[in-house]
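# Model the following, please.
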Amino acid sequence: MSPELTLLTMNAAAVAFIHTVIGPDHYVPFIVMAKARGWSLAKTAAITFVCGLGHVASSVLLGMVGYAIGANLERLEWIESSRGTLAAWALITFGALYAAWGLWRLGRKGPDGHTHDHLIRIHASDHVHNPKTGAEVSLTPWILFAIFVFGPCEPLIPLFIYPAATSGWAGAWLVAVTFSVITIGAMMAIVLGAQLGLKWLPTDRIARYSHVLAGGTIALTGGAIQFLGL
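Predicted coordinates:
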């Protein structure tokens, strides 16, 4: 490996870590949804991993196709910026709708805090039924996955294109894999660490508002990305 490629790979690792940590959209949705939905650590880890993989793979694919057809870097970065806007608004919309559903669900509860209209409660939740088996399939992980596939890894495009042009495809893939591993690893570390930490906090008093708070937090995260440029 050339010194230049080694330096570029190390730079990709550093950029991936910083990009993930300073971008709340990489972990906040998973933290709040895991708390609201009562996901286990294993389920949270699996959902975070798959969404993270879709997040980086979409940018790698765009960079690979763009380089192969000779698209210039400015054009690819414009596409990534447009995808970022779509993803931010998707987070805002999903969060707002989920918070609204949480408020509606609170309105269905009686004085004892329990929903007595079980038929309405079940069919108003975020799942559909498998037409073949009748099993419930939660929509929330799939919605998050779709949003994260749209969400770009802006720094990855130039990091992928440059070694492809100077060191060949092997160098480009080394940088891309390094960036992806660090990004997904950082996402999972933050999400699972936060999930474990939240178990020690006294949240019983606000538990009934968990869906509203989760949706509102996701909407605010999307707003921070769109309007504050986080």
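# Output stretch 86-102 as CSV, nothing but the C-alphas.
Extracted C-alpha coordinates of stretch 86-102, given in CSV (Å, rounded to 0.1, in the frame of the first residue of the first chain):
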residue,chain,number,x,y,z
LEU,A,86,-35.2,14.5,1.1
ALA,A,87,-33.9,12.4,4.1
ALA,A,88,-34.2,15.3,6.5
TRP,A,89,-37.8,16.0,5.4
ALA,A,90,-38.6,12.3,5.6
LEU,A,91,-37.4,12.3,9.3
ILE,A,92,-39.4,15.4,10.0
THR,A,93,-42.5,13.9,8.4
PHE,A,94,-42.1,10.5,10.0
GLY,A,95,-41.4,12.0,13.4
ALA,A,96,-44.4,14.3,13.3
LEU,A,97,-46.8,11.6,12.2
TYR,A,98,-45.5,9.2,14.8
ALA,A,99,-45.9,11.9,17.5
ALA,A,100,-49.5,12.5,16.3
TRP,A,101,-50.2,8.8,16.5
GLY,A,102,-48.8,8.8,20.0
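# avg pLDDT for it?
Average pLDDT, stretch 86-102: 95.
# Over to stretch 155-175?
Mean predicted confidence for stretch 155-175 is 82.
# Any idea how far apart the tips of that stretch sit?
11 Å (Cα to Cα, to the nearest Å).
# what comes up buried for that stretch?
155-157, 159-164, 167, 171-172, 174-175 (16 or more other Cβ atoms under 10 Å). In this view, the C-beta of every residue, glycine as well, is placed from N, C-alpha and C.
# Same check on stretch 31-45?
Within stretch 31-45, the residues that count as buried by 16+ other Cβ under 10 Å are 31-37, 39, 44-45.
# residues making contact with it?
Residues outside stretch 31-45 that contact it (Cβ atoms under 8 Å, 6 or more residues apart in numbering) are 30, 47, 102, 138, 140, 144, 188, 190-192, 194-196, 198, 203, 210-211, 213-214, 217-218.
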